[in-house]
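A.B. asks: Fold the following.
(chains A and B)
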Amino acid sequence: MTAEEIFSCLEEKFGAKRETLDKWSVTAVLSATYLRNAVEFLRDGDAAKFEMLVDIAGIDYLTYPNHEGPRFAVAYALKSISNPGLRIRLKVLVGEDNLKVPTISDLYANANWYEREVYDQFGIVFDGHPDLRRLLNHVEFVGHPLRKDYPAQKRQWLSTNDYLLPELEKRLQDLGYRVIQRSKEVETNDNEFLEGSIKE
Amino acid sequence: MGNEAEKPSIITSSLDFLVNWGRTNSLWPFPYGTACCAIEFMSTEVGRYDLSRIGSEYVRFTPRQSDVLLVSGTITYKQAPILKRIYEQMAEPRWVIAMGACACSGGFYDCYCTVPGIDHIIPVDVYIGGCPSRPEAFFDAMFDLQKKIKDESYMKQRAEQVKDQLEMIKAKTAEAKANAKAFAQEKVTDIKDFVVEKEQNIVKKAQFWKE
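C.D. replies: A predicted model of the protein is given here:
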(Lines give C-alpha, C1' and ligand atoms only; values in the text may rest on other atoms or scores of the structure.)
Protein backbone atom coordinates (compact mmCIF):
# COMPACT_ATOMS: atom_id res chain seq x y z
CA MET A 1 0.00 0.00 0.00
CA THR A 2 1.41 3.35 -0.92
CA ALA A 3 1.20 6.49 1.13
CA GLU A 4 -1.65 7.92 -0.96
CA GLU A 5 -3.74 4.81 -0.44
CA ILE A 6 -3.12 4.89 3.25
CA PHE A 7 -4.20 8.51 3.43
CA SER A 8 -7.37 7.84 1.47
CA CYS A 9 -8.07 4.89 3.79
CA LEU A 10 -7.57 7.08 6.85
CA GLU A 11 -9.87 9.74 5.40
CA GLU A 12 -12.58 7.19 4.70
CA LYS A 13 -12.42 5.26 7.95
CA PHE A 14 -11.47 7.79 10.58
CA GLY A 15 -12.31 11.16 9.06
CA ALA A 16 -8.70 12.28 8.98
CA LYS A 17 -7.66 15.42 7.15
CA ARG A 18 -4.39 15.86 5.35
CA GLU A 19 -2.22 18.70 6.63
CA THR A 20 -1.58 21.25 3.87
CA LEU A 21 1.30 23.09 5.54
CA ASP A 22 3.43 19.97 5.92
CA LYS A 23 6.64 20.07 3.89
CA TRP A 24 6.59 16.38 2.96
CA SER A 25 2.81 16.07 3.18
CA VAL A 26 2.81 12.98 5.39
CA THR A 27 0.66 14.37 8.18
CA ALA A 28 -2.93 13.39 8.92
CA VAL A 29 -4.97 15.34 11.44
CA LEU A 30 -7.32 13.16 13.50
CA SER A 31 -9.79 13.63 16.29
CA ALA A 32 -8.83 12.12 19.63
CA THR A 33 -11.72 9.64 19.64
CA TYR A 34 -10.43 7.77 16.57
CA LEU A 35 -6.75 7.91 17.49
CA ARG A 36 -6.48 4.43 19.01
CA ASN A 37 -8.38 2.85 16.13
CA ALA A 38 -6.23 4.60 13.58
CA VAL A 39 -3.00 3.59 15.28
CA GLU A 40 -4.21 0.03 15.57
CA PHE A 41 -5.14 0.05 11.89
CA LEU A 42 -1.75 1.40 10.92
CA ARG A 43 0.10 -1.10 13.09
CA ASP A 44 -1.84 -4.28 12.29
CA GLY A 45 -3.47 -3.34 8.99
CA ASP A 46 -3.27 -5.54 5.89
CA ALA A 47 -0.56 -3.95 3.82
CA ALA A 48 0.54 -0.90 5.75
CA LYS A 49 2.55 -2.13 8.67
CA PHE A 50 4.00 0.62 10.82
CA GLU A 51 5.97 -1.40 13.32
CA MET A 52 7.91 1.44 14.83
CA LEU A 53 6.80 4.44 16.85
CA VAL A 54 9.54 7.00 16.30
CA ASP A 55 8.36 9.83 18.48
CA ILE A 56 5.50 11.51 20.25
CA ALA A 57 5.76 15.28 20.30
CA GLY A 58 3.68 17.94 21.96
CA ILE A 59 3.06 21.23 20.19
CA ASP A 60 1.94 24.53 21.67
CA TYR A 61 0.37 26.86 19.07
CA LEU A 62 0.03 29.83 21.43
CA THR A 63 2.41 32.12 19.54
CA TYR A 64 2.15 30.40 16.17
CA PRO A 65 1.30 32.86 13.38
CA ASN A 66 -2.10 32.56 11.68
CA HIS A 67 -3.20 29.59 13.74
CA GLU A 68 -6.85 28.97 14.45
CA GLY A 69 -8.36 26.23 16.53
CA PRO A 70 -7.18 24.33 19.61
CA ARG A 71 -4.05 25.44 21.37
CA PHE A 72 -2.19 22.15 21.77
CA ALA A 73 -1.44 19.22 19.51
CA VAL A 74 0.17 15.82 19.94
CA ALA A 75 2.03 14.42 16.94
CA TYR A 76 2.80 10.72 16.52
CA ALA A 77 5.58 9.79 14.11
CA LEU A 78 5.32 6.26 12.78
CA LYS A 79 7.73 4.36 10.59
CA SER A 80 7.38 1.18 8.63
CA ILE A 81 10.11 -1.44 8.66
CA SER A 82 8.54 -3.96 6.25
CA ASN A 83 7.94 -1.09 3.78
CA PRO A 84 11.23 0.79 3.93
CA GLY A 85 10.94 4.53 3.58
CA LEU A 86 7.25 4.68 4.46
CA ARG A 87 6.55 7.19 7.18
CA ILE A 88 3.43 8.83 8.50
CA ARG A 89 2.62 11.40 11.12
CA LEU A 90 -0.67 11.57 12.99
CA LYS A 91 -1.66 14.75 14.69
CA VAL A 92 -4.33 15.16 17.35
CA LEU A 93 -5.49 18.66 18.23
CA VAL A 94 -6.15 19.19 21.93
CA GLY A 95 -8.12 22.11 23.30
CA GLU A 96 -7.12 23.93 26.44
CA ASP A 97 -10.42 23.14 28.14
CA ASN A 98 -10.09 19.37 27.73
CA LEU A 99 -6.45 18.30 27.84
CA LYS A 100 -7.03 14.62 27.30
CA VAL A 101 -5.76 12.14 24.74
CA PRO A 102 -6.18 8.34 24.88
CA THR A 103 -2.96 6.49 25.57
CA ILE A 104 -1.32 4.17 23.05
CA SER A 105 1.16 2.77 25.55
CA ASP A 106 -0.48 -0.67 25.31
CA LEU A 107 0.01 -0.69 21.53
CA TYR A 108 3.61 0.55 21.49
CA ALA A 109 5.69 -0.09 24.62
CA ASN A 110 7.96 2.89 24.05
CA ALA A 111 4.96 5.22 24.02
CA ASN A 112 4.96 4.92 27.82
CA TRP A 113 7.90 7.23 28.37
CA TYR A 114 7.11 9.47 25.39
CA GLU A 115 3.70 10.17 26.87
CA ARG A 116 5.23 10.82 30.26
CA GLU A 117 7.54 13.35 28.65
CA VAL A 118 4.71 15.11 26.83
CA TYR A 119 2.74 15.19 30.07
CA ASP A 120 5.76 16.61 31.87
CA GLN A 121 6.50 19.36 29.39
CA PHE A 122 3.01 20.30 28.19
CA GLY A 123 0.57 19.03 30.80
CA ILE A 124 -1.44 16.94 28.36
CA VAL A 125 -3.06 14.05 30.24
CA PHE A 126 -3.05 10.63 28.58
CA ASP A 127 -6.12 8.63 29.52
CA GLY A 128 -5.41 5.09 30.67
CA HIS A 129 -1.67 5.53 31.04
CA PRO A 130 -0.37 3.07 33.66
CA ASP A 131 2.12 5.40 35.35
CA LEU A 132 1.73 9.05 34.43
CA ARG A 133 4.46 10.87 36.33
CA ARG A 134 6.98 13.52 35.41
CA LEU A 135 9.90 12.14 33.43
CA LEU A 136 12.48 14.89 32.97
CA ASN A 137 11.66 17.49 35.60
CA HIS A 138 11.75 16.86 39.30
CA VAL A 139 8.76 16.17 41.53
CA GLU A 140 8.63 19.63 43.08
CA PHE A 141 8.41 21.35 39.70
CA VAL A 142 5.32 23.53 39.28
CA GLY A 143 3.99 24.13 35.79
CA HIS A 144 4.93 22.76 32.40
CA PRO A 145 8.10 24.31 31.00
CA LEU A 146 7.68 23.84 27.25
CA ARG A 147 4.40 25.73 27.16
CA LYS A 148 4.87 29.07 25.51
CA ASP A 149 3.50 30.98 28.49
CA TYR A 150 6.05 29.47 30.88
CA PRO A 151 8.91 31.95 31.39
CA ALA A 152 11.88 30.06 29.99
CA GLN A 153 14.37 31.26 32.59
CA LYS A 154 12.20 30.66 35.63
CA ARG A 155 14.19 28.27 37.77
CA GLN A 156 12.84 25.99 40.45
CA TRP A 157 15.01 24.43 43.12
CA LEU A 158 14.60 20.88 44.31
CA SER A 159 14.93 20.47 48.06
CA THR A 160 15.68 16.76 48.24
CA ASN A 161 16.35 13.76 46.04
CA ASP A 162 13.48 12.34 44.05
CA TYR A 163 11.81 9.61 46.03
CA LEU A 164 11.82 6.55 43.82
CA LEU A 165 11.40 3.79 46.38
CA PRO A 166 7.63 3.20 45.92
CA GLU A 167 8.18 2.62 42.20
CA LEU A 168 11.06 0.28 42.92
CA GLU A 169 9.01 -1.67 45.41
CA LYS A 170 6.13 -1.96 42.98
CA ARG A 171 8.44 -3.30 40.33
CA LEU A 172 10.05 -5.79 42.70
CA GLN A 173 6.64 -6.99 43.83
CA ASP A 174 5.71 -7.59 40.19
CA LEU A 175 8.76 -9.83 39.94
CA GLY A 176 7.67 -11.85 42.96
CA TYR A 177 9.60 -10.21 45.75
CA ARG A 178 7.89 -8.78 48.77
CA VAL A 179 8.78 -6.21 51.40
CA ILE A 180 9.53 -7.81 54.76
CA GLN A 181 10.78 -4.80 56.65
CA ARG A 182 11.42 -1.13 56.00
CA SER A 183 13.87 0.98 57.88
CA LYS A 184 12.35 3.96 59.65
CA GLU A 185 13.69 6.76 57.51
CA VAL A 186 12.24 5.44 54.28
CA GLU A 187 8.83 4.63 55.68
CA THR A 188 6.79 7.46 54.30
CA ASN A 189 3.46 8.14 52.76
CA ASP A 190 3.70 7.57 49.01
CA ASN A 191 1.06 10.13 48.16
CA GLU A 192 2.97 12.86 49.92
CA PHE A 193 6.00 12.37 47.72
CA LEU A 194 4.25 11.79 44.43
CA GLU A 195 1.59 14.44 44.83
CA GLY A 196 3.44 17.05 42.84
CA SER A 197 3.97 14.74 39.93
CA ILE A 198 0.48 13.40 39.44
CA LYS A 199 -1.76 16.34 40.16
CA GLU A 200 -1.82 19.59 38.26
CA MET B 1 47.41 25.57 72.95
CA GLY B 2 45.79 27.67 70.23
CA ASN B 3 48.11 30.63 70.73
CA GLU B 4 51.21 28.50 70.65
CA ALA B 5 50.20 26.78 67.45
CA GLU B 6 49.57 30.04 65.61
CA LYS B 7 53.16 31.12 66.00
CA PRO B 8 55.41 29.63 63.34
CA SER B 9 58.07 27.51 64.93
CA ILE B 10 60.43 24.92 63.56
CA ILE B 11 58.21 22.00 64.50
CA THR B 12 54.92 23.42 63.26
CA SER B 13 56.23 24.81 60.00
CA SER B 14 58.04 21.63 59.14
CA LEU B 15 54.94 19.61 60.03
CA ASP B 16 52.91 21.91 57.78
CA PHE B 17 55.42 21.33 55.00
CA LEU B 18 55.23 17.59 55.47
CA VAL B 19 51.45 17.43 55.54
CA ASN B 20 51.10 19.74 52.54
CA TRP B 21 53.70 17.77 50.63
CA GLY B 22 51.66 14.65 51.22
CA ARG B 23 48.40 16.30 50.29
CA THR B 24 49.60 18.01 47.12
CA ASN B 25 51.13 14.90 45.70
CA SER B 26 48.26 12.51 46.26
CA LEU B 27 45.14 14.34 45.10
CA TRP B 28 42.72 11.60 44.30
CA PRO B 29 39.88 12.90 42.15
CA PHE B 30 36.26 11.86 42.27
CA PRO B 31 34.94 12.35 38.73
CA TYR B 32 31.38 13.65 38.76
CA GLY B 33 31.10 13.52 34.99
CA THR B 34 27.78 14.36 33.37
CA ALA B 35 28.78 15.65 29.93
CA CYS B 36 31.58 15.96 27.39
CA CYS B 37 34.05 17.43 29.90
CA ALA B 38 34.16 13.97 31.47
CA ILE B 39 35.39 12.55 28.14
CA GLU B 40 38.10 15.20 28.17
CA PHE B 41 38.99 14.18 31.71
CA MET B 42 39.38 10.58 30.54
CA SER B 43 42.02 11.65 28.03
CA THR B 44 43.68 13.67 30.78
CA GLU B 45 43.82 10.63 33.00
CA VAL B 46 45.19 8.06 30.56
CA GLY B 47 48.33 7.55 28.48
CA ARG B 48 49.01 10.69 26.48
CA TYR B 49 48.60 13.29 29.20
CA ASP B 50 48.81 10.98 32.23
CA LEU B 51 47.47 12.76 35.28
CA SER B 52 49.27 10.32 37.58
CA ARG B 53 52.51 12.16 36.85
CA ILE B 54 51.49 14.78 39.39
CA GLY B 55 50.24 12.28 41.93
CA SER B 56 46.58 11.84 41.04
CA GLU B 57 47.21 8.19 40.57
CA TYR B 58 43.79 6.75 41.27
CA VAL B 59 40.39 7.91 40.19
CA ARG B 60 38.18 6.99 43.10
CA PHE B 61 34.53 6.32 42.41
CA THR B 62 33.52 6.74 46.00
CA PRO B 63 33.42 10.10 47.78
CA ARG B 64 34.80 8.59 50.96
CA GLN B 65 38.23 7.90 49.52
CA SER B 66 38.76 10.98 47.38
CA ASP B 67 40.16 14.45 47.98
CA VAL B 68 39.05 16.42 44.93
CA LEU B 69 35.48 16.56 43.71
CA LEU B 70 35.74 17.09 39.98
CA VAL B 71 32.46 18.37 38.59
CA SER B 72 32.69 18.07 34.82
CA GLY B 73 29.46 18.76 33.02
CA THR B 74 26.01 20.27 33.20
CA ILE B 75 24.25 20.08 36.54
CA THR B 76 20.46 20.14 36.39
CA TYR B 77 18.12 20.99 39.21
CA LYS B 78 17.12 17.36 39.47
CA GLN B 79 20.76 16.49 40.11
CA ALA B 80 21.64 19.30 42.49
CA PRO B 81 20.69 17.51 45.75
CA ILE B 82 22.69 14.45 44.67
CA LEU B 83 25.81 16.53 44.03
CA LYS B 84 25.40 18.25 47.38
CA ARG B 85 25.06 14.95 49.17
CA ILE B 86 28.20 13.61 47.51
CA TYR B 87 30.10 16.71 48.58
CA GLU B 88 28.89 16.23 52.14
CA GLN B 89 29.96 12.60 52.10
CA MET B 90 33.56 13.49 51.29
CA ALA B 91 36.00 13.52 54.19
CA GLU B 92 37.91 16.72 54.95
CA PRO B 93 40.19 18.10 53.63
CA ARG B 94 38.25 18.30 50.38
CA TRP B 95 38.53 20.51 47.33
CA VAL B 96 36.26 21.14 44.38
CA ILE B 97 37.17 21.81 40.76
CA ALA B 98 34.49 23.12 38.41
CA MET B 99 35.49 21.93 34.96
CA GLY B 100 34.10 23.57 31.85
CA ALA B 101 31.64 26.36 31.15
CA CYS B 102 28.58 24.40 32.27
CA ALA B 103 29.84 23.62 35.74
CA CYS B 104 31.24 27.16 36.17
CA SER B 105 28.25 29.18 35.02
CA GLY B 106 25.67 26.97 33.39
CA GLY B 107 27.24 27.59 30.00
CA PHE B 108 24.82 28.33 27.21
CA TYR B 109 22.02 26.47 28.98
CA ASP B 110 20.22 29.58 30.18
CA CYS B 111 16.97 27.78 30.88
CA TYR B 112 14.55 26.36 33.41
CA CYS B 113 16.42 23.15 34.12
CA THR B 114 20.12 23.98 34.48
CA VAL B 115 21.86 25.24 37.61
CA PRO B 116 23.74 28.45 36.70
CA GLY B 117 27.06 27.39 38.18
CA ILE B 118 27.69 24.78 40.85
CA ASP B 119 28.82 27.47 43.29
CA HIS B 120 25.11 27.89 43.99
CA ILE B 121 25.28 24.49 45.67
CA ILE B 122 28.82 23.82 46.92
CA PRO B 123 31.98 25.93 47.43
CA VAL B 124 34.42 25.80 44.50
CA ASP B 125 38.22 26.13 44.70
CA VAL B 126 39.28 26.23 41.07
CA TYR B 127 37.32 27.06 37.93
CA ILE B 128 38.37 25.86 34.48
CA GLY B 129 36.99 27.53 31.38
CA GLY B 130 36.46 25.96 27.99
CA CYS B 131 33.75 23.99 26.30
CA PRO B 132 35.04 21.37 26.87
CA SER B 133 38.30 22.22 28.65
CA ARG B 134 41.57 20.99 27.19
CA PRO B 135 43.67 18.56 29.23
CA GLU B 136 46.35 21.28 29.47
CA ALA B 137 43.82 23.55 31.15
CA PHE B 138 43.00 20.77 33.54
CA PHE B 139 46.67 20.35 34.42
CA ASP B 140 46.90 24.09 34.99
CA ALA B 141 43.97 23.89 37.37
CA MET B 142 45.60 21.02 39.25
CA PHE B 143 48.81 23.08 39.61
CA ASP B 144 46.75 26.01 40.90
CA LEU B 145 45.09 23.73 43.41
CA GLN B 146 48.47 22.39 44.51
CA LYS B 147 49.70 25.96 45.04
CA LYS B 148 46.62 26.69 47.08
CA ILE B 149 47.14 23.62 49.22
CA LYS B 150 50.79 24.53 49.80
CA ASP B 151 49.66 27.86 51.29
CA GLU B 152 47.34 26.16 53.72
CA SER B 153 48.56 25.52 57.25
CA TYR B 154 47.61 22.24 58.79
CA MET B 155 48.50 23.43 62.30
CA LYS B 156 46.38 26.58 61.98
CA GLN B 157 43.40 24.59 60.84
CA ARG B 158 44.03 22.16 63.64
CA ALA B 159 44.25 24.99 66.18
CA GLU B 160 41.00 26.46 64.92
CA GLN B 161 39.33 23.10 65.17
CA VAL B 162 40.65 22.66 68.72
CA LYS B 163 39.42 26.15 69.60
CA ASP B 164 35.99 25.38 68.25
CA GLN B 165 35.94 22.13 70.13
CA LEU B 166 37.04 23.83 73.35
CA GLU B 167 34.33 26.43 73.01
CA MET B 168 31.82 23.73 72.34
CA ILE B 169 32.96 21.77 75.38
CA LYS B 170 32.81 24.88 77.54
CA ALA B 171 29.33 25.72 76.34
CA LYS B 172 28.20 22.16 76.91
CA THR B 173 29.69 21.99 80.42
CA ALA B 174 28.08 25.32 81.31
CA GLU B 175 24.77 24.02 80.05
CA ALA B 176 25.16 20.81 81.99
CA LYS B 177 26.08 22.74 85.13
CA ALA B 178 23.05 24.96 84.78
CA ASN B 179 20.88 21.91 84.27
CA ALA B 180 22.36 20.20 87.33
CA LYS B 181 21.85 23.34 89.42
CA ALA B 182 18.25 23.64 88.40
CA PHE B 183 17.73 19.96 89.11
CA ALA B 184 19.34 20.28 92.58
CA GLN B 185 17.25 23.31 93.43
CA GLU B 186 14.15 21.45 92.41
CA LYS B 187 15.15 18.54 94.62
CA VAL B 188 15.91 20.83 97.57
CA THR B 189 12.55 22.55 97.28
CA ASP B 190 10.87 19.16 97.04
CA ILE B 191 12.60 17.94 100.17
CA LYS B 192 11.81 21.15 102.03
CA ASP B 193 8.16 20.80 101.12
CA PHE B 194 8.27 17.17 102.22
CA VAL B 195 9.82 18.09 105.58
CA VAL B 196 7.34 20.89 106.14
CA GLU B 197 4.49 18.48 105.43
CA LYS B 198 5.88 15.92 107.87
CA GLU B 199 6.26 18.54 110.56
CA GLN B 200 2.70 19.66 110.08
CA ASN B 201 1.55 16.04 110.30
CA ILE B 202 3.50 15.50 113.51
CA VAL B 203 2.10 18.70 114.95
CA LYS B 204 -1.41 17.58 114.03
CA LYS B 205 -0.82 14.17 115.61
CA ALA B 206 0.57 15.71 118.78
CA GLN B 207 -2.47 17.98 119.01
CA PHE B 208 -4.74 14.98 118.52
CA TRP B 209 -3.08 12.98 121.30
CA LYS B 210 -3.15 15.96 123.60
CA GLU B 211 -6.83 16.25 123.14
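A.B. asks: ok, the residue positioned nearest the centre of chain B to B:Ala141 distance?
C.D. replies: The centre of chain B sits closest to B:Glu92, judged by C-alpha atoms, centre = their mean, with a distance of 5.5 Å. Distance of B:Glu92 to B:Ala141, computed by C-beta to C-beta, to the nearest Å: 20 Å. Heads up, the C-betas are built off the backbone N, CA and C, glycines and all.
A.B. asks: for B:Gln89, same thing?
C.D. replies: In this structure, B:Gln89 lies at 23 Å from B:Ala141, with C-beta to C-beta as the measure.
A.B. asks: These two: which has the busier surroundings?
C.D. replies: Comparing B:Gln89 with B:Ala141 by other C-beta atoms under 10 Å in any protein chain shown, the one with more neighbours is B:Ala141, at 21 against 14.
A.B. asks: From what I see, that one and B:Ile97 are in contact.
C.D. replies: Yes: assessed by C-beta atoms under 8 Å, B:Ala141 is found in contact with B:Ile97 at 5.7 Å.
A.B. asks: Which neighbours do those two have in common?
C.D. replies: Residues touching both B:Ala141 and B:Ile97 by C-beta atoms under 8 Å, 6 or more residues apart in numbering or on different chains: B:Val126, B:Tyr127, B:Ile128.
A.B. asks: quick one: contacts for the first one?
C.D. replies: Meaning B:Val126. B:Val126 makes contact with B:Trp95, B:Val96, B:Ile97, B:Ala98, B:Ala141, B:Asp144, B:Leu145, B:Lys148, according to C-beta under 8 Å, 6+ apart.
A.B. asks: What pLDDT is listed against the residue nearest to the centre of chain B?
C.D. replies: pLDDT, B:Glu92: 82.
A.B. asks: So which bits of chain A are right by chain B?
C.D. replies: Residues of chain A found near chain B (C-beta under 8 Å from any C-beta of the partner chain) are A:136-138, A:145, A:150, A:152-162.
A.B. asks: Pull out the buried members of those.
C.D. replies: Listed as buried from the residues of chain A next to chain B are A:Asn137, A:His138, A:Pro145, A:Tyr150, A:Leu158, A:Asp162; burial here means 16 or more other C-beta atoms under 10 Å in any protein chain shown.
A.B. asks: Tell me how chain B divides into domains.
C.D. replies: B:2-152, B:155-211 (automatic domain parsing).
A.B. asks: the bottom helix or strand of chain A by mean pLDDT?
C.D. replies: Across the helices and strands of chain A, mean confidence by mean pLDDT, DSSP states H and E is lowest for helix A:190-198: a mean of 47.
A.B. asks: before we move on, back to that, nearest to chain A among the shared contacts of B:Ala141 and B:Ile97?
C.D. replies: Nearest to chain A out of these is B:Tyr127 (C-beta to the nearest C-beta; 20.8 Å).
A.B. asks: Can you list the strands that the helix or strand hosting the closest one pairs with?
C.D. replies: Taking DSSP states H and E as the definition, B:Tyr127 sits inside strand B:126-128. Using DSSP bridges, the strands paired with strand B:126-128 are strand B:95-99 (parallel).
A.B. asks: contacts for whatever helix or strand comes next after the strand it pairs with?
C.D. replies: Heading C-terminal from strand B:95-99, the first helix or strand you meet, by DSSP H and E, is helix B:100-105. Contacts to helix B:100-105, defined as C-beta under 8 Å, 6+ apart, come from residues B:35-37, B:40, B:71-75, B:98, B:107-109, B:114, B:116-118, B:127-133.
A.B. asks: ok, now stretch B:112-121?
C.D. replies: Here stretch B:112-121 makes contact (C-beta under 8 Å, 6+ apart) with A:136-137, A:145, A:150, A:152-156, B:71, B:74-80, B:83-84, B:87, B:96, B:98, B:102-107, B:110, B:124.
A.B. asks: Just the buried subset of the residues you listed, please.
C.D. replies: Applying 16+ other C-beta under 10 Å to the contacts of stretch B:112-121 flags A:137, A:145, A:150, B:71, B:74-80, B:83, B:87, B:96, B:98, B:102-107, B:124 as buried.
A.B. asks: A:Asn37: how many residues sit nearby?
C.D. replies: Counted by other C-beta under 10 Å, the residues lying close to A:Asn37 total 13.
A.B. asks: try B:Gln165
C.D. replies: Quick note: B:Gln165 (other C-beta under 10 Å) scores 10 neighbours.
A.B. asks: Fine, thanks again, bye for now.
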